[in-house]
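Student: Here is my input; please provide its structure:
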Amino acid sequence: MSGEKCGWEVCIFSDFFIGFIIAFILDLVIVGPNAKKIALKITANTTNRLYTVLAISTCMVIGMAFFMSIYGIVTTNLHNDYTSSIMTDYLSVFGKNFIMALPLQLIIMGPLVRFIFTKYIKSNKNEYENLEEM
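Tutor: The predicted structure follows:
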């Protein structure tokens, strides 16, 4: 490949690791808090908890797809020769990320994580509270 500066194994691992760190920081510092604020403002007039959960998940997907698409474009252009319009590439990558991430979040990962947290985290919290009362 033209413009490749390292072995493909090293590039894949380093890009994945750097991408994970960037996504983690974005999630905790920028996207997460803002997505929650926006979603809670949107669903302020409803008592249905499902609407709030869906709004938070959707705002998170939009924010993370936005920023991680930028990361993907920058990484691709660093490893390969610049070939076309950055804006066209970005819109294409963002669209693909959004189309894949939203159903994955709403249908699979969101319910799975909520199930695991309510089953194991709440049960552990209740056990610790019972131990403190003794």
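Student: Next one: the residue nearest in space to the middle of the chain from residue 78, what distance?
Tutor: Centrality entry for the chain: nearest residue to the mean C-alpha point is residue 64, 4.6 Å, by C-alpha atoms, centre = their mean. Going from residue 64 to residue 78 by C-beta to C-beta, to the nearest Å gives 21 Å. Every residue, glycine included, has its C-beta placed from N, CA and C.
Student: ditto for residue 48
Tutor: Following C-beta to C-beta, the distance that separates residue 48 from residue 78 is 45 Å.
Student: Residue 119 and residue 112, how far apart?
Tutor: 11 Å.
Student: Just give the number of residues close to residue 42.
Tutor: Residues lying near residue 42 (other C-beta atoms under 10 Å) number 15.
Student: Surely it touches residue 55?
Tutor: Yes - counting by C-beta atoms under 8 Å, residue 42 touches residue 55, with 5.2 Å between them.
Student: What segments of this structure are helices?
Tutor: Assigned by DSSP state H, the helices in the chain fall at 8-25, 32-42, 49-79, 86-103, 110-116, 122-133.
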